[in-house]
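Enquirer: I would like to see how this sequence folds:
(chains A and B)
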Amino acid sequence: GENVEQHPSTLSVQEGDSAVIKCTYSDSASNYFPWYKQELGKGPQLIIDIRSNVGEKKDQRIAVTLNKTAKHFSLHITETQPEDSAVYFCAASIDSGYSTLTFGKGTMLLVSP
Amino acid sequence: DSGVTQTPKHLITATGQRVTLRCSPRSGDLSVYWYQQSLDQGLQFLIQYYNGEERAKGNILERFSAQQFPDLHSELNLSSLELGDSALYFCASSRAAGAYGYTFGSGTRLTVV
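Expert: Now for the predicted structure:
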């Protein structure tokens, strides 16, 4: 089955800096890659996703890049703010009617004012 | 509020006991997924139901079982509880059976003492 590795496990940045979280996946058939943000005491919330037919997707300060050849994808957050502090999870799946998401182990992002 | 309702929010029980966790999916969603989140294992997929039928099974122990009822709510039953079963249990729902568009509930924190 699919295996997703996520790095780093913790990331501390100063407000205004950029943050990058990287994930690798094992199943070359995977074609759907979402990112979730989990705030303290809440469930994970989808923040951005990308499919394998595109290499990059952007939404305001958040962007995701995908390299299918190398089987890795990354989350980029620019101009970080304290409210970006949370645990971020990457996931991978084959987007079919019979697949489920496999998650990485998460990255705790701490943004200091 | 994500629209996915999980009850109870917290549960404390003794080893050897049985508990039932409940999930009501977002209106219109037919798929329900159960995930276990522990500190060292991240989000582990347990089981998926789609429109009342079991669709996929992950690392779910034999002591655990689930079902989805005609009104689409789902219950996760955990029996012969062990200390190691202490974790956050999340339910997610989606419109279709595939991996796209998961919405998570806020979870049930289970503590086994």
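
Enquirer: buried ones in stretch A:19-38?
Expert: Along stretch A:19-38, these residues count as buried under the neighbour rule (16 or more other Cβ atoms under 10 Å in any protein chain shown): A:19-25, A:27, A:30-38. The C-beta positions use only the backbone N, C-alpha and C, and glycine is treated the same way.

Enquirer: repeat for stretch B:48-61
Expert: Here stretch B:48-61 shows B:Q48, B:Y49, B:Y50, B:R55, B:A56, B:G58, B:I60 as buried, counting by 16+ other Cβ under 10 Å.

Enquirer: ditto for stretch B:23-42
Expert: Buried residues in stretch B:23-42, defined by neighbour count with 16+ other Cβ under 10 Å: B:23-26, B:29-37, B:42.

Enquirer: distance between the ends of stretch B:9-24?
Expert: End-to-end distance for stretch B:9-24: 13 Å, by Cα to Cα, to the nearest Å.

Enquirer: got it, and stretch A:42-55?
Expert: 30 Å.

Enquirer: per-residue confidence averaged over that stretch?
Expert: Stretch A:42-55 shows a mean pLDDT of 91 in the predicted model.

Enquirer: related to what we said a few turns ago, please identify which of the buried residues of stretch B:23-42 is nearest to A:H72.
Expert: Proximity of the buried residues of stretch B:23-42 to A:H72 was ranked by Cβ to Cβ; the top entry is B:G42 with 17.8 Å.

Enquirer: okay, now the residue nearest to that closest one when sequence neighbours are not counted: neighbour count?
Expert: In this structure, B:G42 finds its nearest non-sequential neighbour in A:K105, 3.8 Å apart by Cβ to Cβ, 6 or more residues apart in numbering or on different chains. The burial metric for A:K105, expressed as a neighbour count using other Cβ atoms under 10 Å in any protein chain shown, is 18.

Enquirer: also A:I47?
Expert: Residue neighbour count, defined by other Cβ under 10 Å, stands at 17 for A:I47.

Enquirer: out of the buried residues of stretch B:23-42, which one has the weakest pLDDT?
Expert: In terms of pLDDT, the lowest of these is B:G42, showing 85.

Enquirer: ranges for the strands of chain B?
Expert: Under the criterion DSSP state E, strands of chain B are mapped to B:5-7, B:10-13, B:19-24, B:31-38, B:42-50, B:53-57, B:64-68, B:74-78, B:87-94, B:103-104, B:108-112.

Enquirer: between those, which one is closest to A:D95.
Expert: Shortest separation from A:D95 across those is recorded for strand B:87-94, at 11.3 Å, computed as Cβ to Cβ.

Enquirer: from chain A, how far off is the nearest residue in space to B:T7 that is not next to it in sequence?
Expert: Among residues not flanking B:T7 along the chain, B:R22 sits closest, at 4.9 Å (Cβ to Cβ, 6+ apart). Note on B:R22: its distance to chain A, by Cβ to the nearest Cβ, to the nearest Å, is 15 Å.
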